[in-house]
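A.B. asks: Sequence and predicted structure are below.
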Amino acid sequence: MQEVNKLDPELASKIMELPISYEEKGKEIGKEIGRNEEKREIAKKMILEGLSPNLIVKVTGLSHEDIKVLSESINN
């Protein structure tokens with residue numbers, strides 16, 4: 001911390017903001033992971049109900065490959 005205070009104030013300010021920006025980015029990534037998991041759970045239920053892969057892709061926003069993998073995991 002003392003070393004940072006010896007730097008140019010503008011640079012020191014940017015350095016001190018780094019941990020905050022990484023924390024915010026981590027929270028953002030965590031939320032995205034949660035949303036993707038929720039989409040997968042919904043897709044699994046739709047697969048079990050016999051809905052078409054095209055409809056599942058359209059509703060969940062997951063890819064056709066994701067739906068294929070989920071279908072295979074349910075059937076195995």
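C.D. replies: Perfect, I can see it now.
A.B. asks: correct me, but Leu70 touches Ile47?
C.D. replies: Yes: using Cβ atoms under 8 Å, Leu70 makes contact with Ile47 at a distance of 6.1 Å. Glycine gets a C-beta too; all of them are placed from N, C-alpha and C.
A.B. asks: What helix or strand is the residue nearest to the spatial centre of the chain located in?
C.D. replies: Closest to where the C-alpha atoms of the chain average out (Cα atoms, centre = their mean) is Glu32, at 2.6 Å. Taking DSSP states H and E as the definition, Glu32 sits inside helix 9-48.
A.B. asks: Which positions within that helix qualify as buried?
C.D. replies: By neighbour count with 16 or more other Cβ atoms under 10 Å, helix 9-48 contains the buried residues Lys39, Arg40, Ala43, Lys44, Met46, Ile47.
A.B. asks: Let's test this: mean pLDDT of that helix, rounded?
C.D. replies: For helix 9-48, mean pLDDT is 83.
A.B. asks: C-terminal to that helix, what's the next element?
C.D. replies: On the C-terminal side of helix 9-48, the nearest following helix or strand under DSSP H and E is helix 53-60.
A.B. asks: Just the buried residues of the helix or strand just after that following helix, please?
C.D. replies: Downstream of helix 53-60, the first helix or strand assigned by DSSP H and E is helix 64-75. Residues of helix 64-75 classed as buried by neighbour count (16+ other Cβ under 10 Å): Asp66, Ile67, Leu70, Ser71.
A.B. asks: what number of residues lie near the closest residue to the second one other than its chain neighbours?
C.D. replies: Okay, so that is Ile67. In space, and not counting its chain neighbours, Ile67 is closest to Pro53: 4.7 Å by Cβ to Cβ, 6 or more residues apart in numbering. Residues lying near Pro53 (other Cβ atoms under 10 Å) number 17.
A.B. asks: quick one, what contacts Pro53?
C.D. replies: Applying Cβ atoms under 8 Å, 6 or more residues apart in numbering to Pro53 gives the contacts His64, Ile67, Lys68, Ser71.
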